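Peer 1: have a look at this fold, sequence not included:
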């Protein structure tokens with residue numbers, strides 16, 4: 001049976017490598033995180049085309065509405081347990097971007113048997129609110145609300161009550177959100193971040 005590996009704690013020291021190296025690192029880290037789970041399927045273009053997208057505005061604790069999408073695989077895709085539940089992944093975009101930047105990755109993950117959630121951070125795109133630069137009480141708390149949403153779904157595997165089997169991945173601004181979410185929310189089982197910071201004050 002497929003289950004998320006224990007959370008890996010990583011501290012990334014700032015580097016000045018080319019953007020392409022950072023992008024490759026993100027891909028590698030995500031693959032390594034998911035490899036500890038064991039990819040449920042062998043998703044291809046046909047599987048990705050059959051993925052279902054559900055869009056929803058999610059209201060967080062201070063009333064801000066976040067634009068989000070959940071991508072789910074066809075029922076016959078391997079990776080579900082006996083009750084039809086699957087592991088989930090939250091994908092966070094870079095600064096100035098939106099959930100649309102993560103759609104291809106989300107569809108690929110869903111084609112491989114995961115439930116993938118994308119969202120637009122507050123202050124960007126179709127989401128409300130103002131930018132708070134990954135403030136724990138704002139952007140990071142928002143990720144926890146999105147994890148709550150996953151925990152309430154009938155198609156997401158749970159490690160316990162209100163505790164979905166979930167990983168968080170992202171790059172740059174979203175990479176910091178992924179790292180911080182893992183630090184603040186014990187329900188995060190795996191984290192994959194790239195071209196990001198471990199201390200925003202130092203990075204600036």
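Peer 2: Good, I have the coordinates. Worth saying up front: this structure is predicted, and the values here are computed from it rather than measured.
Peer 1: surely residue 71 forms part of a strand?
Peer 2: Yes - counting by DSSP: H, G, I helix; E, B strand; the rest coil, residue 71 is located in a strand.
Peer 1: pLDDT value on it, please?
Peer 2: pLDDT for residue 71: 98.
Peer 1: dump the residue contacts of it.
Peer 2: Residues near residue 71 by C-beta atoms under 8 Å, 6 or more residues apart in numbering: 51-54, 103, 106-107, 109-110, 115-118. Quick note: C-beta positions are derived from backbone N, CA and C, even for glycine.
Peer 1: just the ones in helices from those, please.
Peer 2: 103, 106-107, 109-110 (DSSP state H).
Peer 1: just the buried members of the residues you listed?
Peer 2: 103, 106-107, 109-110 (16 or more other C-beta atoms under 10 Å).
Peer 1: now render those as CSV, adding pLDDT.
Peer 2: Below are these laid out as CSV (pLDDT from 0 to 100):
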residue, pLDDT
103, 97
106, 97
107, 96
109, 96
110, 97
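Peer 1: kindly reformat these as JSON lines containing distance to residue 151.
Peer 2: Formatted as JSON lines, those follow (distance: C-beta to C-beta, whole Å):
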{"residue": "103", "distance to residue 151": "23"}
{"residue": "106", "distance to residue 151": "18"}
{"residue": "107", "distance to residue 151": "22"}
{"residue": "109", "distance to residue 151": "18"}
{"residue": "110", "distance to residue 151": "18"}
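Peer 1: so who does the residue nearest the centre of the chain touch?
Peer 2: In the chain, the C-alpha nearest the mean C-alpha coordinate belongs to residue 90, at 1.8 Å (C-alpha atoms, centre = their mean). By C-beta under 8 Å, 6+ apart, the contact list for residue 90 reads 116-119, 143, 146-147, 150, 166-169, 178, 181.
Peer 1: any idea which helix or strand carries it?
Peer 2: Secondary-structure assignment from DSSP states H and E places residue 90 in strand 88-92.
Peer 1: what is the orientation angle of that strand with helix 103-111?
Peer 2: 180 degrees (axes from the mean of the first three to the mean of the last three C-alpha atoms, to 10 degrees).
Peer 1: partner strands of strand 88-92, with direction?
Peer 2: Paired neighbours of strand 88-92 in the sheet (DSSP bridges): strand 115-119 (parallel), strand 166-171 (parallel).
Peer 1: avg pLDDT for that strand?
Peer 2: 98.
Peer 1: okay, and the beta partners of the residue nearest to the centre of the chain?
Peer 2: Judged by DSSP bridges, the bridge partners of residue 90 are residue 117, residue 168.
Peer 1: residue 95: which of the buried ones among the ones in helices among the contacts of residue 71 is nearest?
Peer 2: residue 103 (17.7 Å; C-beta to C-beta).
Peer 1: residues contacting the nearest residue to that closest one once chain neighbours are set aside?
Peer 2: The shortest distance from residue 103 to any non-neighbouring residue, by C-beta to C-beta, 6 or more residues apart in numbering, is to residue 118 (6.4 Å). Contacts for residue 118 were tallied using C-beta under 8 Å, 6+ apart; they are 68-69, 71, 90-91, 93, 99, 102-103, 106.
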